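> coordinates for the following, if possible.
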Amino acid sequence: MERLNREIERILAKAASEKKSPGYVASDADIALSGNFESNKGKLPWPVRSGVVVEEFGQHNHPVFKDIKLPFNNGINIASEAGSDVFAVFEGVVKQILIMPGYNQCVLIQHGDYFTFYTKLDKVTVKSGEKVSTLQKIGSLAVNGKDSEIHFQLWKGTMKQNPLLWITKRNQ
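Down below sits the predicted model:
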């Protein structure tokens, strides 16, 4: 997870530095998109149709060796049905698609000043630079035994956000 976290932080730091470059002016569309995204806090759809959160945002101890801390989880992990479709949680632009060992294919979507990151995808149905709409299918999850699991992150610029505060509440 540490390697994934470093790579995401590198990508987002690069995007942030581009915004700080002389002459950069945020477009009206980006400003509006950021505002729309922010006003939907607690109302965003889940990135999969059904599932249960199996690991929450933050620092956790090892399940067996209680004195050992696991790497900080910059997102949430949601267990879902094998091969489940994955959906964009809000309109935006696919910023990057990358492959990470242990995380399969990963999709980063920009929503103005916000970014969502979807990992552990087997198939990706979008391309870098493509505009996506809310609930548009962006791929499907890799199968791990009988289940699939998505690792989902949400960022405001370079500041990690707890996705559970942004997506709608579900009875689990």
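> just the element for the residue at minimal distance from the centre of the chain, please.
The centroid of the chain falls nearest to residue 117 when counting by C-alpha atoms, centre = their mean (2.4 Å). When elements are assigned from DSSP states H and E, residue 117 belongs to strand 114-124.
> the residue lying closest to residue 169 once chain neighbours are set aside and residue 4: what is the separation?
Nearest residue to residue 169, sequence neighbours excluded (C-beta to C-beta, 6 or more residues apart in numbering): residue 42, at 7.7 Å. The C-beta positions use only the backbone N, C-alpha and C, and glycine is treated the same way. According to C-beta to C-beta, to the nearest Å, residue 42 stands 26 Å off from residue 4.
> neighbour count winner among these two?
For residue 42 versus residue 4, neighbours defined as other C-beta atoms under 10 Å are more numerous around residue 4 (21 against 10).
> show me where the chain has its strands.
Using DSSP state E, the strands assigned to the chain run over residues 52-55, 75-81, 85-87, 92-100, 104-111, 114-124, 131-132, 137-141, 147-156, 159-161.
> quick one: those strands as JSON lines, columns for distance to residue 170 and mean pLDDT too.
Output for these, formatted as JSON lines (distance: least, C-beta to C-beta, whole Å; pLDDT from 0 to 100):
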{"stretch": "strand 52-55", "distance to residue 170": "8", "mean pLDDT": "93"}
{"stretch": "strand 75-81", "distance to residue 170": "10", "mean pLDDT": "95"}
{"stretch": "strand 85-87", "distance to residue 170": "15", "mean pLDDT": "98"}
{"stretch": "strand 92-100", "distance to residue 170": "23", "mean pLDDT": "94"}
{"stretch": "strand 104-111", "distance to residue 170": "21", "mean pLDDT": "96"}
{"stretch": "strand 114-124", "distance to residue 170": "18", "mean pLDDT": "96"}
{"stretch": "strand 131-132", "distance to residue 170": "23", "mean pLDDT": "97"}
{"stretch": "strand 137-141", "distance to residue 170": "18", "mean pLDDT": "98"}
{"stretch": "strand 147-156", "distance to residue 170": "14", "mean pLDDT": "94"}
{"stretch": "strand 159-161", "distance to residue 170": "18", "mean pLDDT": "95"}
